[in-house]
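> structure for this input, please:
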Amino acid sequence: MRRNLAARLGVWSAHHRKAAIIGWLVFVVLATVIGGASGMVTASDDEMGVGESGRAAEILKDADIDEPAGELVMVSAADGASAGGWRDAAADLSKALTATGDVRDLKAPLPSEDGRDALLRFEIKGPSDEAADRVQPVLDAVAKAKEDGAAHGIAVHQFGDASSEKHLSDLLADDLKKAEFTAVPLALGILLVAFGAVVAALLPVGLALTACVAAFGLLSLASHQLHLFETTYSVMFLMGLAVGVDYCLFYLRRERDERAAGRDAETALRIAAATSGRAVLVSGLTVMVAMAGMFLSGLLLFKGFAVATILVVCVAMLGSVTVLPALLAALGDRIDAGRIPFLNRRAKKGVHASGGTAAKILKPVLARPKFFAVGAAVVLLALAAPALGMKTEQLGLEKQFGSDAPLSVSYQRITEKFPGGPAPARVVVEADDIGAQPVRAALDSLTEKAGDGAALTVHEAKNVAEIEIPLPGTGTDAEAKKALHELRDDTVPAAFAGVDATAHVGGDLASSEDFSDQLSKGIVPVFAFIAAVTFLLMLFSFRSVVIAVTSIALNLLSVGAAYGVMTAVFQHGWGAELIGSEKVGAIENWMPLFVLVVLFGLSMDYHVFVVSRISEARDRGLDNRSAIHEGITRTAGAVTGAAVIMVAVFAVFGTLSMQDMQQMGVGLGVAVLLDATVVRMILLPSLMALLGERNWHTPRYLRWLPRISHAEDAPAAPPRPGPYNTPVASGR
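Here you go, the predicted structure:
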């Protein structure tokens, strides 16, 4: 029998182990060094916009108009202090800010309506994309003023473009370090329990980490063509560690199973390469193609996620089918070095016993498949029910960092006293002659109609003008959204009717609304793409329309359950305090699409691995139920270990500081847990048992598809004892 690609790669690597290992190390080092030297290019605010706000940003970018990083500092007199008690503190702070040398256009303090607060407005010198690196002296001056004012009943709050960007960057860096230093030991500990040997546990973690490091370097190179968001690296690490460990685990468990069944080292490695290695290739390809669907969203954020996840999955997949066989061949029996006595006995029992817990679960499931199929589906649909009321929005800073975070508190205090201050709407006007009388009249009319707080800036040399218009409410709530829509639909079009000029409304809220609109448009083509890709790959792999359709249906149930849990925890606040989070009333607007794509990809890890093993048993002549029993029981250990590692990694992200990272961690963790337990252990076998031989039927019009055997051309291992071991002809 002709060996498949994974088998050929595995055999070559085992026979040329030195070349494979050295080649991998050289690749990782080169990718890291070259990527580190090139540096990562992050996306600017101009590149993030879509829709009308994106066109407004594009006008400013084309005109080479750099929007300075603005900062706001509010000085307030506490209850009991004199209303004007802020004056001396504001004067001292103004002098301190000027002395830093990093401040320009510092305006006189603007009193609040009740006279108990004043707002200092200024900009950070230099290009806006460097403001976060220059803002530290300003932060120090404000911190000193806050400390000095506390003794005199004066409160100081700061919020602005540079300070919030620096806070976000520092928080992301700290969270990524926390994830690295928590997730890696967790994965290692789980693998120690699974294998009972130090070397066997270190191997998957080591390969996953080197895959992540190499992918980081490659992503830095890619960022020069496709600029990235800072959160992209966190997503890459999460996916790389989870997928990299899983792929190695599947391969390694199969090799150890074959050795325990009496195979010699070379035969065991060849079988593992031909079976689990092939499943890794199919799964990796499915994940990468599914991730490519994010390009159809039309959003830079998702394009960056797509590139990052495709790179790290590709590197992890290639490492698993090349350097891993070489390392296994080089180590031989030393793979069990560093045995931990108690854990080693448990690991051997778990790997090589006849089914254990999985067999006990499967016995009633296969005896009453209809009951368990309906029951599992009802459980998943019940978990998905809260998703029917899911609300999405671009979470503001006060929700993103938590209501008690200093930055959130400052934002809330400033918007309460000075509505629209931190996030005004920005009308950008472009004309052939910005100084023409009709254009200037329209600009003046709109500025006057906008009322107090509106500011007009005309760039005559660029034929561009900007009008900043404060929004009511908090700048992001329903009142502000209503005002924004009135501005876009009525006020601005009326002001420029019949005038030879184009006007677009941008700003933070406008960008958020346009982003959400684009997401709602993009989710349909993205879903259609990944569903079609999943269907075709499963069809080509198993020559079965039924397996392809049920794969999509099972994935949708997992995704729906994840949506429901996310909605219940973060939108409604059910149990949010248990994970150190809080009710925010909505889901981050990019989260549903991201979770959909990632889960469709990750679910294929387990699905391809399990169904391939079932199909392998069928190719050896077992009937449908016997094949299901053998496939599930023989993969239960690997799937359980892989799921526990994935859930642990995702759970770490669920404990990070930012709300979107928490939502991502909880959503993905819950979905993987349900997928590996309820779906793979109950719903999949019961559904396949109900469908019977229809699972494996190839319609006449598809019999031209190549027949791919999932069994290796080695003598079959003795069948496991159990109630479903009746051999039959394959009949496919």
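> show me what contacts Val524?
By CB atoms under 8 Å, 6 or more residues apart in numbering, the contact set of Val524 is empty. Heads up, the C-betas are built off the backbone N, CA and C, glycines and all.
> likewise the one 5 residues further on?
Under the criterion of CB under 8 Å, 6+ apart, the contact partners of Phe529 comprise Ala292, Gly293, Leu296.
> so what pLDDT did the residue lying closest to the last one once chain neighbours are set aside get?
What it means is Leu296. In space, Leu296 comes closest to Pro525 once its chain neighbours are excluded; the distance is 4.6 Å by CB to CB, 6 or more residues apart in numbering. Among the per-residue scores, Pro525 holds a pLDDT of 90.
> A helix includes Pro525, no?
Yes: under the criterion used here (DSSP: H, G, I helix; E, B strand; the rest coil), Pro525 sits inside a helix.
> hang on, Gln158 is in a strand, isn't it?
Yes: per three-state DSSP, Gln158 lies within a strand segment.
> so it makes contact with Asp140?
No: using CB atoms under 8 Å, Gln158 is not in contact with Asp140, being 11.2 Å away.
> looking at the two, which one has more neighbours?
For Gln158 versus Asp140, the count of surrounding residues by other CB atoms under 10 Å is larger for Gln158: 25 against 12.
> bridged to that one, which residues?
Listed beta-bridge partners, Gln158: Val73 (assigned using DSSP bridges).
> per-residue pLDDT, it?
The predicted structure scores Gln158 at 91 on the pLDDT scale.
> same deal with Gly731?
At Gly731, the predicted lDDT confidence score is 40.
> Leu72 now?
Reading off the per-residue confidence, Leu72 sits at a pLDDT of 90.
> my read is Glu430 is in a helix, agree?
No: when three-state DSSP is applied, Glu430 is found to be strand, with no helix at that position.
> got a list of what it touches?
Residues in contact with Glu430 (CB under 8 Å, 6+ apart) are Ile59, Ala63, Asn463, Val464, Ala501, Thr502, Ala503.
> what do you get if the cut-off is 6 Å, keeping everything else the same?
Ile59, Val464, Thr502 (CB atoms under 6 Å, 6 or more residues apart in numbering).
> now the strands for the stretch 101-250 of the chain?
Shown for the stretch 101-250 of the chain, the strands assigned by DSSP state E, counting those that start in this stretch span residues 103-104, 110-111, 117-124, 154-160.
> wait, the stretch 501-650 of the chain
Counting by DSSP E, counting those that start in this stretch, the strands of the stretch 501-650 of the chain are 501-507, 587-588.
> buried deepest among those, which one?
Mean neighbour counts were taken over these using mean count of other CB atoms under 10 Å, and the top value, a mean of 24, falls to strand 587-588.
> direction included, what does that one pair up with?
Sheet partners assigned to strand 587-588 using DSSP bridges are listed as strand 392-393 (parallel).
> any idea of the mean pLDDT in the helix or strand containing Val26?
Element membership for Val26, per DSSP states H and E: helix 17-38. Model confidence over helix 17-38, given as mean pLDDT, is 92.
> now stretch 539-553
pLDDT averaged over stretch 539-553 equals 88, rounded to a whole number.
> in it, which residues are buried?
By neighbour count with 16 or more other CB atoms under 10 Å, stretch 539-553 contains the buried residues Leu539, Ser541, Phe542, Arg543, Ser544, Val545, Val546, Ile547, Ala548, Thr550, Ser551, Ile552.
> now render the residues you listed as a markdown table, adding distance to Glu630.
Rendered in a markdown table, the data for those read as follows (distance: CB to CB, whole Å):
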| residue | distance to Glu630 |
| --- | --- |
| Leu539 | 23 |
| Ser541 | 19 |
| Phe542 | 16 |
| Arg543 | 20 |
| Ser544 | 18 |
| Val545 | 24 |
| Val546 | 20 |
| Ile547 | 17 |
| Ala548 | 22 |
| Thr550 | 19 |
| Ser551 | 20 |
| Ile552 | 25 |
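> so which of the residues you listed is the closest to Ala510?
Taking CB to CB as the measure, Ala510 lies nearest Ile552 of these, at 36.7 Å.
> how close does that closest one get to Phe527?
Per CB to CB, to the nearest Å, Ile552 is found 10 Å from Phe527.
> same check, this time on Ala671
16 Å.
> the two - which one has more neighbours?
Applying other CB under 10 Å to Ala671 and Phe527 shows that Ala671 carries more neighbours, namely 30 against 18.
> correct me if wrong: that one contacts Ser558.
Yes: with contacts counted by CB atoms under 6 Å, Ala671 reaches Ser558, the gap being 4.9 Å.
> what do these two both touch?
Counting by CB under 6 Å, 6+ apart, the shared contacts of Ala671 and Ser558 are Leu599.
> for Val282, which residues are in contact?
Val282 sits next to Ser541, Val608 when contact means CB under 6 Å, 6+ apart.
> repeat that with 8 Å
With contacts taken as CB under 8 Å, 6+ apart, Val282 has the following neighbours: Leu537, Ser541, Met604, Val608, Ser612.
> tell me which two of those sit farthest apart.
Taking CB to CB as the measure, the contacts of Val282 span a maximum distance of 12.3 Å, between Leu537 and Ser612.
> out of the two, which sits in the more crowded spot?
Of the pair Leu537 and Ser612, Ser612 is the one with more neighbours under other CB under 10 Å, namely 25 against 20.
> please tell me I have it right and that one contacts Gly277.
No: Ser612 sits out of contact with Gly277 when judged by CB under 8 Å, with a separation of 10.6 Å.
> any idea which element Thr457 lies in?
Assigned by DSSP H and E, Thr457 belongs to strand 455-459.
> and the helices in the stretch 351-500 of the chain, which stretches?
Using DSSP state H, counting those that start in this stretch, the helices found in the stretch 351-500 of the chain span residues 356-367, 369-384, 397-400, 406-417, 437-450, 478-486, 492-495.
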